[in-house]
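Q: Sequence first, then the predicted structure, then my questions.
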Amino acid sequence: MHKAMKKILFIIGSLRKASFNRQLAQEVEQMLGNRATVDYLDYADVPLINQDIEFPAPEAVKRAREKVAASDALWIFSPEYNYSYPGHLKNLIDWLSRPLIEGDRQSPLAINDKKVALSGAGGSAATAKCREKLTELLTLPFIHADVMIEPQSGISLNKEAWTEGRMLLSDEQKALLKLQVDAFLDYIG
Ligand SMILES: Cc1cc2nc3c(=O)[nH]c(=O)nc-3n(C[C@H](O)[C@H](O)[C@H](O)COP(=O)(O)O)c2cc1C
């Protein structure tokens, strides 16, 4: 019997239309082919977290939580902002870390134990600090996601990409990405 196809939710850590990290996600989507189903999380309308509006959760937050809950795994493609993750990505993860019912710290959250892959495209350090800090954040006790520590993929964008706004991966970078795709499919079973 065929195993059910796994659903992977892609989260892009950039809100920019022509984002290199979105381009990277599209490359991974192609590499996954028909081995998983892919959906993209649209979270640009998630408000800044504010405990005055936490309960009931805003519609955009509910939608994001439902998408996360309905997926078997997450794949985060994020740029590095000042040696860390972008604020809007942290904001999304902060919402995902909060209880659904006021004061209820017992019920599991959509993000708990969710398998997560990390990738990023950026400057010469290839988003290493961002991925390191994301790992620390995602493995905190209240979040407790199941991050695949290795392999990750960090793409250092070349000069051409910066001038033309289009990411072209080298064979070596493609090989790295393929390795991560295969490893993550194994990881999520
Ligand atoms: C606020 C801000 C801070 C940045 N800091 C870093 C950084 O620490 N490391 C890095 O590699 N690139 C940094 N960059 C450059 C990004 O890598 C670059 O803008 C990249 O294109 C963003 O990814 P995107 O194309 O997916 O939007 C920064 C960009 C912004 C807007």
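A: It's in.

Q: going forward, measure contacts between C-alpha atoms and count neighbours the same way
A: Will do.

Q: helices or strands next to the helix or strand encompassing Trp162 in the packing?
A: Taking DSSP states H and E as the criterion, the element that holds Trp162 is helix 159-164. Contact partners of helix 159-164 among helices and strands, from 3 or more C-alpha pairs under 8 Å, 6 or more residues apart in numbering; DSSP states H and E: none.

Q: Give the rounded mean pLDDT of that helix.
A: The average pLDDT within helix 159-164 is 95.

Q: quick one: contacts of that helix?
A: Contact with helix 159-164 is made by Arg166, Met167, Leu168, as judged by C-alpha atoms under 8 Å, 6 or more residues apart in numbering.

Q: With stretch 76-91 instead?
A: In contact with stretch 76-91 (C-alpha under 8 Å, 6+ apart) are residues 10-14, 21-22, 24-25, 48-49, 116-122, 127, 129-131, 133-134.

Q: send the alpha carbons of the helix or strand hosting Gly154 over as PDB?
A: Taking DSSP H and E as the criterion, Gly154 maps to strand 153-156. Extracted in PDB, the C-alpha atoms of strand 153-156 (Å, rounded to 0.1, in the frame of the first residue of the first chain):
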ATOM      1  CA  SER A 153      21.100  24.700   3.400                       C
ATOM      2  CA  GLY A 154      22.600  28.100   3.400                       C
ATOM      3  CA  ILE A 155      22.900  29.800   0.100                       C
ATOM      4  CA  SER A 156      25.400  32.700  -0.200                       C
END
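
Q: That one and the ligand, any residue contact?
A: No: applying C-alpha under 6 Å from any ligand atom, one finds strand 153-156 separated from the ligand by no less than 7.7 Å.

Q: show me what contacts Leu74?
A: Counted by C-alpha under 8 Å, 6+ apart, Leu74 has contacts Ile8, Leu9, Phe10, Ile11, Val68, Lys114, Lys115, Val116, Ala117.

Q: How about the secondary structure of the third one?
A: In other words, Phe10. strand (DSSP: H, G, I helix; E, B strand; the rest coil).

Q: ok, and what's touching stretch 120-127?
A: 20-21, 24, 76-80, 83, 131, 153-157.

Q: And these, which of them are buried?
A: 20-21, 24, 76-80, 131, 153-157 (16 or more other C-alpha atoms under 10 Å).

Q: Mind putting those residues into CSV with distance to Ala4?
A: Below are the buried ones among the contacts of stretch 120-127 laid out as CSV (distance: C-alpha to C-alpha, whole Å):
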residue, distance to Ala4
Phe20, 31
Asn21, 28
Leu24, 26
Ile76, 22
Phe77, 25
Ser78, 28
Pro79, 32
Glu80, 34
Arg131, 30
Ser153, 26
Gly154, 30
Ile155, 31
Ser156, 35
Leu157, 36
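
Q: Quickly list what the spatially most central residue of the chain is bridged to.
A: The chain has Ile76 as the residue nearest its centroid, 1.7 Å off, counting by C-alpha atoms, centre = their mean. Using DSSP bridges, the bridge partners assigned to Ile76 are Ile11, Leu118.
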